[in-house]
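S.K.: Please find the sequence and the predicted model below.
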Amino acid sequence: MVRFASCSIAFLLLASSAARAQDAPPADAEAPPAASPENLEATQQAREHFMAGVEHFSAHRYRDAIRSFSLAAQIVPSADLWFNIARAHEELSEYEEAIEHYQRYLRDRVDPPDRAELERHITLLEQRAQAEREARRTQPTTGTLRLSANRDGADIELDGESAGQAPWAEPREVAPGRHGLVVTREGYIPFRSEVSVEAGVPTAAYADLSPETRYRAIQADRIFTWIAWGLGVAALGTSVGLGVEAASRQANLPDAREWAAYSDGLLGAAIGLGVVGLILYFVEGRSVGTERITVSDEDAASTRVRGP
């Protein structure tokens, strides 16, 4: 079915003129009133829509052609316009709409010469329409998604909901469209992405988790702190020993005073060294830098509690 009815408006105008000629009164009768400007304007508008529809159809703009032919039919209904609209629908593979307008053409056209051919064509279009309906009923409505990661046991979230752990043992059915994917595991940077799934198409997603990088402060060794406190303890011990010796020499007062003076001096030194050591504790305890730590599976295994 390749022909295209392109003379609808002209045919209508000729038919209207012929009808007026047949119904014309005798010459001595009173002349009928002239056609009103409104009718002429409407006919001109219909013709413009029709010509626009022909132009659109020739340029394969079938949707625009349907619109223009329909506007023309609203002004001047014509069987040929139904035919042209049906042809445009057929080009768009809209078989049910094409069948409807072909049938309107056969209904409104007086003794169409192509009735038998068009009825066979309508039967063919009905078969195509039925096949499309069957295809739509059997068309899959979901897609399948298979997901894995470079670290087994990672937690999976799909569209904000928990979806087990990687890898999935079997592909899962999901609705067509874009889905948010989040894969997390302790010690690794969370993997975030979107995966697009099409109906009836298997889709595979792979999450590449990168180890999380951490930093810790590096503190200096408290060498001088421990030296000062060690000397302070030694001085305190010596001071106690000298004090005991001074007490044992009470019979010889000058000697006792001398030993007591030594004891007091060492006690003061011990207190001073204790204070110095305390200051050095805070001074040497300050951070002198940072150290990069990469968390790996081996680090996690070393901190895991194991049973007997």
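M.R.: Arrived safely, thanks for sending.

S.K.: pLDDT weak spots in the chain?
M.R.: Under the criterion pLDDT under 70, the flagged ranges of the chain are 1-38, 214-220, 251-253, 285-308.

S.K.: tell me the domain ranges of it?
M.R.: 8-19+37-138, 143-211, 221-285 (automatic domain parsing).

S.K.: Between the two ends of the second one, what distance do you get?
M.R.: I take that to be domain 143-211. In domain 143-211, first residue to last residue: 32 Å (CA to CA, to the nearest Å).

S.K.: Next, residue 247: secondary structure please.
M.R.: Following DSSP: H, G, I helix; E, B strand; the rest coil, the label given to residue 247 is helix.

S.K.: again, but for residue 204
M.R.: Three-state call for residue 204 (three-state DSSP): strand.

S.K.: if I look at the closest residue in space to residue 119 that isn't next to it in sequence, how far off is residue 83?
M.R.: Leaving aside its sequence neighbours, residue 119 sits nearest to residue 106 (CB to CB, 6 or more residues apart in numbering; 7.5 Å). Any C-beta I mention is one placed from the backbone N, CA and C, and that applies to glycine too. Here residue 106 is placed at a distance of 9 Å from residue 83 (CB to CB, to the nearest Å).

S.K.: Looking at the two, which has the bigger crowd around it?
M.R.: residue 83 (25 against 16; other CB atoms under 10 Å).

S.K.: Who are the packing partners of the helix or strand containing that one?
M.R.: Using DSSP states H and E, residue 83 sits within helix 79-91. In this structure, helix 79-91 makes packing contacts with helix 8-22, helix 37-58, helix 62-75, helix 95-108, judged by 3 or more CB pairs under 8 Å, 6 or more residues apart in numbering; DSSP states H and E.

S.K.: hang on, residue 268 is in a helix, isn't it?
M.R.: Yes - counting by three-state DSSP, one finds residue 268 located in a helix.

S.K.: tell me, how many neighbours does it end up with?
M.R.: 12.

S.K.: Contacts only, for it.
M.R.: By CB atoms under 8 Å, 6 or more residues apart in numbering, no residues touch residue 268.

S.K.: what comes up buried for the helix holding residue 83?
M.R.: Buried residues in helix 79-91, defined by neighbour count with 16 or more other CB atoms under 10 Å: 79, 80, 81, 82, 83, 84, 85, 86, 87, 88, 89, 90.

S.K.: Tell me where the stretch 151-300 of the chain has helices.
M.R.: Per DSSP state H, counting those that start in this stretch, the stretch 151-300 of the chain carries helices over the ranges 223-248, 253-284, 297-302.

S.K.: In contact with residue 191, which residues?
M.R.: Residue 191 neighbours (CB under 8 Å, 6+ apart): 149, 154, 181, 182, 183, 184, 207, 208, 209.

S.K.: Now for the nearest residue to residue 182 once chain neighbours are set aside, how many residues are close by?
M.R.: Once flanking residues are discounted, residue 182 sits nearest to residue 157: 4.2 Å by CB to CB, 6+ apart. Neighbours of residue 157 under the rule other CB under 10 Å: 16.

S.K.: Do I have it right that residue 157 meets residue 190?
M.R.: No - under the criterion of CB atoms under 8 Å, residue 157 is not in contact with residue 190, lying 9.5 Å apart.

S.K.: Now the common contact residues for the two.
M.R.: 182, 183, 184.

S.K.: top of these by neighbour count?
M.R.: Most surrounded of those: other CB under 10 Å gives residue 183, at 27 neighbours.

S.K.: that older thread, rebuild the helices of the stretch 151-300 of the chain as TSV, extending it with distance to residue 75.
M.R.: As requested, the helices of the stretch 151-300 of the chain are exported to TSV (distance: least, CB to CB, whole Å):
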stretch	distance to residue 75
helix 223-248	104
helix 253-284	98
helix 297-302	79
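
S.K.: Okay, and the beta partners of residue 155?
M.R.: Counting by DSSP bridges, residue 155 is bridged to residue 165, residue 184.

S.K.: quick one: contacts for it?
M.R.: For residue 155, the residues meeting the contact criterion (CB under 8 Å, 6+ apart) are 162, 165, 183, 184, 185.

S.K.: List just the nearest of these to residue 50.
M.R.: Of all the contacts of residue 155, residue 183 has the smallest distance to residue 50: 61.3 Å, by CB to CB.
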